[in-house]
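Enquirer: My questions concern the predicted model and sequence given below.
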Amino acid sequence: MISECYISGKIADGEKKNRDQEERKMEQGNITKQMIEFHKTTFDNTFNAMQILQEQTEKMVNMFLEQAPWFPAEGKQAVNEWVKTYKKGRETFKESVNESYKKVEEFFGSIEKTATKAKAGK
């Protein structure tokens with residue numbers, strides 16, 4: 001009788017430990033998710049500030065080119081091509097980063113769903 005109580009107590013302790021571990025995993029998952037969201041927001045804000053700066057610089061360069069009759073047409077065309085290239089590169093970079101964040105969010109979302117299902121199954 002004593003050994004049965006001892007064994008059942010140990011089983012209850014083991015189940016409690018498992019629940020505690022699952023709760024810690026969920027909490028760690030939430031913290032990780034919040035960190036990723038914070039990082040993405042920070043990136044988006046920084047990227048937008050950089051984009052605004054580049055657009056303002058483009059306007060200034062265009063004004064300079066319009067007011068500089070001595071600047072050759074080939075040079076103006078080269079600058080315009082350069083502007084198009086960096087805009088395309090900037091857009092490609094932003095799309096790539098957004099795809100990466102989406103993959104990270106899906107990964108951590110699947111982990112969270114798995115932990116929730118495991119917790120519900122117990």
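Expert: Received the coordinates, thanks. Numbering: from 1, shown residues only.
Enquirer: where do the helices sit along the chain?
Expert: 2-66, 73-121 (DSSP state H).
Enquirer: what is the mean pLDDT for the first one?
Expert: With pLDDT averaged residue by residue, helix 2-66 scores 81.
Enquirer: And for stretch 85-103?
Expert: pLDDT averaged over stretch 85-103 gives 95.
Enquirer: circling back: can you add mean neighbour count and give the helices of the chain back as a markdown table?
Expert: For glycine as for every other residue, the C-beta is placed from the backbone atoms N, C-alpha and C. Listed next are the helices of the chain as a markdown table, based on neighbours: other C-beta atoms under 10 Å:
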| stretch | mean neighbour count |
| --- | --- |
| helix 2-66 | 12 |
| helix 73-121 | 12 |
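Enquirer: Pull up the distance across stretch 60-78, start to finish.
Expert: 16 Å (C-alpha to C-alpha, to the nearest Å).
Enquirer: What lies in contact with it?
Expert: Contacts to stretch 60-78, defined as C-beta atoms under 8 Å, 6 or more residues apart in numbering, come from residues V79, V83.
Enquirer: And for stretch 44-58?
Expert: Stretch 44-58 has contacts (C-beta under 8 Å, 6+ apart) with V83, Y86, R90, K94, V97.
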